[in-house]
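Q: here is my input, please return the structure:
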Amino acid sequence: MAVSGHCICIFYSRGMVYAHMVNANNLPYCKGVKMNWKFWKKSGPATLPKPKELSSDLGKYLVVNLEYDPDWVWQLKVVMDLPKDGVSDFRIFDPAMAAMQGVAVKGYTSLDEHKNLVLFDGWYKKASREMQVNDYYQAMKTDQAV
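A: The predicted structure follows:
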């Protein structure tokens, strides 16, 4: 039985997608064309992580070392910059305060123009669990009291 037309066989090997085409007589007329279909790989600049809950190390630091109320601390969110040499810069903010001001925090750079929303910032080295935290919330509280 003769089949008219052409057939394309697509297969995946070693991280690449290949197309093998045959004609009606099952004779190849294009052998193993390498297709650069890496649609699952993102190209371009890396995107910044979205806001997340505080890591246990950051939350414990705010509660134990800076003596803030744990119920309040665990409601805060953190945005991280892309790590450089294993060290990530971070900013901690209150999502309720951001929502009241109509600011949609999507990543680390979202707070560049809204420094008043940054309660804490600093750097965090995950491998050694070292961190430095700058407390802006304490200054905000004293400014509001005056």
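Q: all contacts plus neighbour counts: C-alpha atoms, from now on.
A: Will do.
Q: quick one: the helices in the protein?
A: Assigned by DSSP state H, the chain shows helices spanning 56-60, 70-73, 95-100, 137-145.
Q: turn the ones you listed into TSV, including distance to residue 118 and mean pLDDT.
A: Shown next, in TSV, are the helices of the chain (distance: least, C-alpha to C-alpha, whole Å; pLDDT from 0 to 100):
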stretch	distance to residue 118	mean pLDDT
helix 56-60	15	93
helix 70-73	13	95
helix 95-100	10	94
helix 137-145	8	75
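Q: just say which of those helices is most tucked in.
A: helix 56-60 (a mean of 16; mean count of other C-alpha atoms under 10 Å).
Q: how is the chain carved up into domains?
A: Annotated domains of the chain cover 1-39, 52-145 [automatic domain parsing].
Q: any stretches of this structure with poor pLDDT?
A: 1-46, 144-146 (pLDDT under 70).
Q: leaving out sequence neighbours, find the closest residue to residue 73.
A: Excluding the flanking residues, the one nearest residue 73 by C-alpha to C-alpha, 6 or more residues apart in numbering is residue 59, at 6.5 Å.
Q: that neighbour contacts residue 74, doesn't it?
A: Yes - counting by C-alpha atoms under 8 Å, residue 74 is a contact partner of residue 59 at 6.7 Å.
Q: tell me the contacts of residue 95?
A: Applying C-alpha atoms under 8 Å, 6 or more residues apart in numbering, we find residue 95 in contact with 76-77.
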